[in-house]
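1. what's the 3D shape of this:
(2 chains)
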Number of protein chains: 2
Amino acid sequence: MTRTAIVMLLIGLLLCSSVHASDDDSAPRAEQWPVSEYRLDNGMRVIVREDHRAPVVVSQVWYRVGSSYERLGHTGISHLLEHMMFKGTAKHPPGELLRIIARNGGRQNAFTGRDFTVYFQQLAADRLEIAFRLEADRMQNLILDAQELAKERQVVMEERRMRVTDQPRSRFGEHFNTIAYPASPYAWPGLGWQADLEAITLEDLRGWYARWYAPGNALLVVVGDVQPEQVLRLAKAAFGKVPARATAHPHRADYLQAPGERRLVMHSEDAKVPYVLLGYQVPSVATAQARDEIYALMVLASILDGGKGARLSQELVRDQRVAASAGAGYNAVARLNSLFVLDAVPNNNTDNAIDPLVKALREQAQRLQSEPVDTETLERAKNLLLADHLYELDSMFYQAMQIGMLETAGVDWRILQVYPAKIRAVSAANVQAVARKYLIPSRLTVGILLPQTPPNDDVQPGNQEERS
Amino acid sequence: MTRTAIVMLLIGLLLCSSVHASDDDSAPRAEQWPVSEYRLDNGMRVIVREDHRAPVVVSQVWYRVGSSYERLGHTGISHLLEHMMFKGTAKHPPGELLRIIARNGGRQNAFTGRDFTVYFQQLAADRLEIAFRLEADRMQNLILDAQELAKERQVVMEERRMRVTDQPRSRFGEHFNTIAYPASPYAWPGLGWQADLEAITLEDLRGWYARWYAPGNALLVVVGDVQPEQVLRLAKAAFGKVPARATAHPHRADYLQAPGERRLVMHSEDAKVPYVLLGYQVPSVATAQARDEIYALMVLASILDGGKGARLSQELVRDQRVAASAGAGYNAVARLNSLFVLDAVPNNNTDNAIDPLVKALREQAQRLQSEPVDTETLERAKNLLLADHLYELDSMFYQAMQIGMLETAGVDWRILQVYPAKIRAVSAANVQAVARKYLIPSRLTVGILLPQTPPNDDVQPGNQEERS
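-> Numbering: from 1, shown residues only, chains lettered A, B, ... in the order given. Modelled structure (predicted):
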């Protein structure tokens, strides 16, 4: 799997995984989900899904805040605050929260996305109350301490160094996003720019916590071997005591439609092989004017990069031999416009390998526009998506994730119930239509990473121009 | 003059005008400026420059706030607030301020830049007190009214429509900036994105006014036929009464150095001719680690685009005939990193004209790197800059502008005093060194505007790739 596919999986794991599917048809069908919904008096929403296959429960508290809520100067503050949320309250000193969950045989963690911050526990079903108590406590009583911040700032900067600074392809991805999202908060990294990580103050964190960590901005998702009414009673007892507070209105800043064809060429001494990344600006489930287009784009991604017979592997790697690996991905679950990406590593390490590879990738887009996919290709792609969906439903954790990600993207989780039918309904004409509408030059960013020292003068402008 | 030169002139009029110089050597020399500086008890700074050539005075109130202080979601708020500042106070209802100044034979206006918002009056020297009284009143007593906002929002959106939406080259410039400033608040337009202009609330404006319009964040610049002590007395009487208030700390968000070579191709049906814009990321007077590089970059711009014998006109337009017009510009006065731009219109309207033109522009950068400029070229470029400087000093208004722009960029205005000596000291080796350091591919964005309907499919990827 390419890095992009991995990233897509992390961000958009709901719908674009290319993991091979289980054939286990005994998993519950989305159409049949027994789900209960409540709203506490302080505005906090509670969604409970019963799943009695095992005596366990997943509890997730979702806050509608993430890197796309930030501004230049404070990038990374959501993620830094997520780290600080493990630093304790008056009732539970630093580290105790982790110990309590571990002592009760549970697991827990948190992560921050562009549109959400989520804290979760996995426990034996009869321990759910413990998770609620701890989450309700840190929702309102977090102690933000200067010394703890100093430590955690180092941890996060180290995380950034390991995951980005030392990874040429990740650095390239950060640069690519600044161009591919030309007027969107998705332009900046979720981990934040280094200079901001250094500059964020305790006061800034207190403000961010006060602004977004209110019950009215939170969503509790519980999936497992539970009775909904019992969950509601526990939730009322724990979270119901958190006072209601106003939260800021998030801005949906995303301005340029079809902003023009863009290209980025980046040199990196520590990159081992060249890398090509194409991103087309496309709607997300939240921004699509015609939501059915989303499903067609998913099928399109599955045609290019789903299973063994997928087009990119077959044609670019095995037939044309222009790529050592090639993939595609589409993250539909986002609050703002998204990208449809194609990526590839050329099959040799020379500059001459780049042009034919970019051309071959663009020809894939062209082909989807000019000729409808045949029935076999279409059906295989759809079946893969449906199998992935079933596979994901097999996990309580993913079920909860899907609900939370959709809701924090601003979309009713119930669209999950129609997902299989919507995928089945996608026709070859639908796929061709979205290819024609969205896989066009004015929405395209071509990124090229080259494993070389950057040229320090402009002595061969002709060559530069010819590169791609 | 190309659009870019005009824009540069507006934003960076201090140092890169290409207006022909006056030979009038009786204008005061920067070295000899009699300037007095004060700070009021509430933190407001006052800078007074005597100029007794005529019985007039220019008064400017500068606030350290502009579009680079904004965030996505609120872009354009500084400019919108500037408009609202003419909407009156309890003491002076809407329109009265304009009438008072006009009745006293004065002129006044305001404008908003990336790093500042400035309000100014030009009056007979004995009327200065009137300007102070009005400015001090609206610094603290502005009435922000919903009906007035509704009107002014329309005015500003109309301004945007006329200046940007209906101007293909301005639209292109907006898109170009999102790419050329990949992680900088200079990425967004000073007028703001249309969606933000529609969304900004009265409450947002009140917050912006409270946050930035405090005396400690203001600078009063007065140039004219005045006695400094008298100006100070008047300033104390008017502005001294405005209560001190804390202001937010502006963020200097500007992250990526040498972010990689970028390209933008944009199609526009209403563009009449193609247009090519190259921008190299370069330091500004505020960000330069070695400030002498700034002066070398200015001389470089003057070599390319200063006077009749300048290289771009001579070589691209007259000798090689690849351009109908060509220019260069460098805006040194900015709080964050800036751009060194080259721009040109090809000498015919076909796609084939673009490649040779981009190549020719890049060869100009190459030539400055590979061969030192001859003494005659260097001296002519420096003399032009010095003549422009004298010419600008001839205007009281520009003198005040220079002081205010430098100070709001975060630079002591006193560097004006060394400007002529610094320009004279630039050597051919200095010019070559900055060309080698900054006019390099990893700092370059190539923008291409084509007067065509955008292609709606990707059927000719080869052609697209070959374009440049």
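
2. domain boundaries for chain A, per the record?
-> Chain A breaks down by automatic domain parsing into domains covering A:42-239, A:262-466.

3. pull up the pairing partners for whichever helix or strand residue A:223 is part of, direction included.
-> Assigning secondary structure by DSSP states H and E places residue A:223 in strand A:218-224. Strand A:218-224 pairs in its sheet with strand A:45-50 (parallel), strand A:56-63 (antiparallel), by DSSP bridges.

4. buried residues of it, list them for me.
-> Buried residues in strand A:218-224, counted by 16 or more other CB atoms under 10 Å in any protein chain shown: A:218-224. Yep, even glycine has a C-beta here, placed from its N, CA and C like the rest.

5. can I get the residues you listed in TSV including pLDDT?
-> Formatted as TSV, these follow (pLDDT from 0 to 100):
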residue	pLDDT
A:218	97
A:219	98
A:220	98
A:221	98
A:222	98
A:223	96
A:224	95
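
6. max pairwise distance over those residues: which two?
-> Using CB to CB, the buried residues of strand A:218-224 span at most 19.1 Å, a distance reached by A:218 and A:224.

7. does residue A:113 touch residue A:66 like I think?
-> Yes - assessed by CB atoms under 8 Å, residue A:113 is found in contact with residue A:66 at 4.9 Å.

8. any residues in contact with both of those two?
-> Common neighbours of residue A:113 and residue A:66 are listed as A:190, A:408 (criterion: CB atoms under 8 Å, 6 or more residues apart in numbering or on different chains).

9. now name the helix or strand holding the residue of the stretch 301-450 of chain A found nearest chain B.
-> Scanning the stretch 301-450 of chain A for the residue nearest chain B gives residue A:362, at 3.3 Å (criterion: CB to the nearest CB). Here residue A:362, judged by DSSP H and E, is contained in helix A:354-370.

10. and that helix, what does it pack against?
-> Helix A:354-370 sits against strand A:275-282, helix A:292-305, strand A:323-330, strand A:338-346, helix A:428-438, strand A:444-450, helix B:461-466, with contacts defined as 3 or more CB pairs under 8 Å, 6 or more residues apart in numbering or on different chains; DSSP states H and E.

11. please repeat the previous calculation with a cut-off of 6 Å.
-> Under the contact criterion of 3 or more CB pairs under 6 Å, 6 or more residues apart in numbering or on different chains; DSSP states H and E, helix A:354-370 touches strand A:275-282, strand A:338-346, helix A:428-438, helix B:461-466.

12. quick one: closest of these to residue A:164.
-> Comparison of the helices and strands packed on helix A:354-370 against residue A:164 by CB to CB identifies strand A:275-282 as nearest, at 15.1 Å.

13. any idea of the pLDDT on the residue of the stretch 301-450 of chain A closest to chain B?
-> Looking at residue A:362, its pLDDT reads 97.

14. distance-wise, check it relative to residue B:326.
-> From residue A:362 across to residue B:326, the span is 32 Å (CB to CB, to the nearest Å).

15. can you pick out the residue with more neighbours from the two?
-> residue B:326 (29 against 23; other CB atoms under 10 Å in any protein chain shown).

16. bridging residues for the more buried one?
-> residue B:344.

17. quick one: average confidence on stretch A:272-284?
-> Mean pLDDT, stretch A:272-284: 96.

18. can you list the residues that contact that stretch?
-> A:169, A:176, A:180, A:297, A:332, A:334, A:337-346, A:349, A:357-358, A:361, A:438-439, A:443-451 (CB atoms under 6 Å, 6 or more residues apart in numbering or on different chains).

19. and the angle for the longest helix seen in chain A with helix A:292-305?
-> Ordering each helix of chain A by length in residues (DSSP state H) puts helix A:375-393 first. Counting by axes from the mean of the first three to the mean of the last three CA atoms, to 10 degrees, helix A:375-393 lies at 100 degrees to helix A:292-305.

20. mind listing what's buried along helix A:375-393?
-> Using 16+ other CB under 10 Å as the test for burial, helix A:375-393 gives A:377-378, A:380-393.

21. and if you look at stretch A:240-252?
-> Within stretch A:240-252, the residues that count as buried by 16+ other CB under 10 Å are A:240, A:242, A:247, A:250-252.

22. for it, the distance to its chain's centre please.
-> 23 Å (CA atoms, centre = their mean, to the nearest Å).

23. could you tell me the end-to-end distance of it?
-> End-to-end distance of stretch A:240-252 (CA to CA, to the nearest Å): 29 Å.

24. near chain B at all, that stretch?
-> Yes - Stretch A:240-252 lies within reach of chain B by CB under 6 Å from any CB of the partner chain, at residue A:251.

25. what is the mean pLDDT for that stretch?
-> According to the model, stretch A:240-252 has a mean pLDDT of 85.

26. what does it rub up against?
-> A:40, A:42-43, A:69, A:136, A:139-140, A:211-212, A:214-217, B:73.

27. what separation is there between the residue in the stretch 201-350 of chain A that chain B sits nearest to and residue B:73?
-> Nearest residue of the stretch 201-350 of chain A to chain B, counting by CB to the nearest CB: residue A:251, 2.9 Å away. Using CB to CB, residue A:251 is found at 3 Å from residue B:73.

28. check residue A:130 too.
-> 39 Å.

29. for residue A:101, same thing?
-> Noted for residue A:101: a distance of 37 Å to residue B:73, by CB to CB.

30. for residue A:241, same thing?
-> Taking CB to CB, one finds residue A:241 at 33 Å from residue B:73.

31. tell me which parts of the stretch 201-350 of chain A are close to chain B?
-> So the stretch 201-350 of chain A meets chain B at A:251, A:253, A:255, A:259-266 (CB under 6 Å from any CB).

32. quick check: residues of the stretch 1-150 of chain A near chain B?
-> Counting by CB under 6 Å from any CB, the residues of the stretch 1-150 of chain A close to chain B are A:71-73.

33. let's go with 10 Å and repeat that
-> Proximity of the stretch 1-150 of chain A to chain B (CB under 10 Å from any CB of the partner chain) is limited to residues A:68-75.

34. my guess is residue A:414 contacts residue A:35. True?
-> Yes - here residue A:414 lies in contact with residue A:35, judged by CB atoms under 10 Å, at a distance of 8.4 Å.

35. looking at these two, which one has more neighbours?
-> residue A:35 (17 against 13).

36. how about the more buried one: which residues does it bridge to?
-> residue A:49.

37. before we move on, back to that, in a markdown table, list the strands paired with strand A:218-224 along with mean neighbour count.
-> Compiled in a markdown table, the strands paired with strand A:218-224 are given as follows (neighbours: other CB atoms under 10 Å in any protein chain shown):
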| stretch | mean neighbour count |
| --- | --- |
| strand A:45-50 | 21 |
| strand A:56-63 | 26 |
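
38. skip the chain neighbours and tell me the closest residue to residue A:86.
-> In space, not counting the residues next to it along the chain, residue A:86 is nearest to residue A:97; the distance is 6.4 Å by CB to CB, 6 or more residues apart in numbering or on different chains.

39. sweet, I'm off.
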